[in-house]
Each structure stands twice: as C-alpha cells, then as structure tokens.
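S.K.: sequence and predicted structure are below.
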Amino acid sequence: MKFVQIIDFETERLEEMQQVLEEAGQRNADRTGGPTHSMLLKDRDRPNRYLALIEFESFEEAMRNSDDPETSRMAERLDSLSTGERVFTNCDVLDVRDLK
C-alpha cells in the first residue's frame, strides 16, 4: 500500500529549504527505494506556512528512508531553516484518482 508523509512547517527561508530538498532529490534519483513523488503546498491564509507531501511505495520503504543517515542529515538542515517545530502526519493511501 502506498504511503504519504505530510510535513507541516513554517519558514522564512523557503528558497534555502527548496535547495536542500533539491539536493536530496538528486541523491535519491540514482538509488532504489526512497520517495517516489513530492508536492509542496503554500498556505494562502498563513504566511510562511507550508505542507510537504512525500509519497513512498509503502510504509516500510518510508521507514527505511527515515533510517538512512543522509535523511537524518537533511532533516537537521531543514530543522535549522524552520521556525517552530515541524509536524509529521503519516497516511496510508486508500484511493487516488485523476479527475481530468
């Protein structure tokens, strides 16, 4: 079953965060496992609040990714760029549909 982790965070340094995420995406491109899709959302009602949706093939694959030392280093860099604490929500994907 596909799995999505939602990361709710605030930052005033979005461009720097995007650079960290871009570097992580390049590292993951040549290895098996890891995230399969990502989406970054900006809250229109609360400035500097964002939601990142990260999709994996399974919960188990997400946990393997979380255990990777490179993921830990990336998380530390993202923490330093965030204001406040990041909130993680773990979701099993029950249904996906293309509407158009």
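M.R.: Ah, there it is.
S.K.: buried stuff in whichever strand or helix holds residue 25?
M.R.: Assigned by DSSP states H and E, residue 25 belongs to helix 14-29. When burial is assessed from 16 or more other C-beta atoms under 10 Å, helix 14-29 yields the following buried residues: 17, 20, 21, 24, 28. Just so you know, the C-beta spots here come from the backbone N, C-alpha and C atoms, and that holds for glycine as well.
S.K.: which strand or helix spans the residue lying closest to the last one once chain neighbours are set aside?
M.R.: Pointing back at residue 28 there. For residue 28, ignoring the flanking residues on the chain, the nearest one in space by C-beta to C-beta, 6 or more residues apart in numbering is residue 34 at 4.2 Å. Residue 34 belongs to no helix or strand when assigned by DSSP H and E.
S.K.: wait, residue 34 touches residue 67, no?
M.R.: No: assessed by C-beta atoms under 8 Å, residue 34 is found out of contact with residue 67, at 11.6 Å.
S.K.: neighbour count winner among the two?
M.R.: For the pair residue 34 and residue 67, the greater number of neighbours falls to residue 34 (20 against 9), based on other C-beta atoms under 10 Å.
S.K.: distance-wise, check residue 75 relative to residue 95.
M.R.: The gap separating residue 75 from residue 95 is 29 Å, by C-beta to C-beta, to the nearest Å.
S.K.: sorry, that was for residue 87
M.R.: In this structure, residue 87 and residue 95 are separated by 24 Å, where distance is defined by C-beta to C-beta.
S.K.: same question, residue 1
M.R.: The value you get for residue 1 to residue 95, if C-beta to C-beta is used, is 11 Å.
S.K.: quickly list what the residue most central in space within the chain is bridged to.
M.R.: For the chain, the residue whose C-alpha lies nearest the mean C-alpha position (C-alpha atoms, centre = their mean) is residue 54; its distance is 4.3 Å. Residue 54 has these beta-bridge partners by DSSP bridges: residue 5, residue 38.
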